[in-house]
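S.K.: fold the following, please.
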Amino acid sequence: MTVTAKHVAGEAVFEPVIQFDMDIKAFLSAWFHCDHIATYLARMISHNRSDSVRHSNLFSSAFNELLEVAFRTRHPGGDLACRVSRQGGTDRIELTFPCTRDERQFYENAVSQAAGSEARERYLNSVSGDVAPSREVVLLELAVTYNATLQLKQADANMITLLVDLSLEELPH
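M.R.: Okay, the predicted model is just below:
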């Protein structure tokens, strides 16, 4: 199936490809959910890419990192919702999950830093240190390694949505 973008008032619209909702407690009950979900979604959305195996591997790795960020939420309830949409060569991941007020502030800062001009330097400094990678490093890695564009939306008082645009076919081999 080929997905084409429609235009509304001059802007490209991302067409839905796949989505799921899951109780956050069920998601948090086992670490392996991150890998299983990432692998499944990557295979589902990569079948019609020019190099489907490469695309699937890259998408799975990037999405697994994003799910691990959500896995670290400290909010006790709600749903994890994911929607993958496509516009041409770009896949958009909308990951909505519960978070506390402190976590929201963290994400606002981390997304801002990932979009900044020093993102590469911050990322390299973070991974060359002796400290285990943090959620901030994961978001920086998405921006630097996968050339992802990150945005943040507030879904409601206890939820947050990370928007991540990936153009994986444009990455150098």
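S.K.: could you pull out the helices for this structure?
M.R.: 24-28, 32-46, 52-71, 101-115, 119-127, 135-145 (DSSP state H).
S.K.: any idea how many residues pack against the closest residue to residue 33 other than its chain neighbours?
M.R.: Distances taken as CB to CB, 6 or more residues apart in numbering place residue 27 nearest to residue 33, at 5.4 Å, with adjacent residues excluded. Bear in mind the C-beta positions are built from the backbone N, C-alpha and C, glycine included. Residues within reach of residue 27, counting by other CB atoms under 10 Å, total 18.
S.K.: residues contacting residue 27?
M.R.: By CB atoms under 8 Å, 6 or more residues apart in numbering, the contact list for residue 27 reads 33, 70, 71, 80.
S.K.: dump the residue contacts of the first one.
M.R.: To tie it back to what came earlier, the one meant is residue 33. Here residue 33 is in contact with 26, 27, 67, 71 (CB under 8 Å, 6+ apart).
S.K.: min pLDDT across these, which one?
M.R.: pLDDT across the contacts of residue 33 is lowest for residue 71, at 86.
S.K.: verify the stated contact: that residue with residue 32.
M.R.: No - Residue 71 is not in contact with residue 32 according to CB atoms under 8 Å; the separation is 10.6 Å.
S.K.: neighbour count winner among the two?
M.R.: In terms of neighbours (other CB under 10 Å), residue 71 is the more surrounded of residue 71 and residue 32; the figures are 18 against 8.
S.K.: how much space between residue 72 and residue 66?
M.R.: Residue 72 is 11 Å from residue 66, where distance means CB to CB, to the nearest Å.
S.K.: before we move on, what about residue 96?
M.R.: 12 Å.
S.K.: what sits in contact with each of those two?
M.R.: Here residue 96 and residue 66 have residue 162 as joint contacts, going by CB under 8 Å, 6+ apart.
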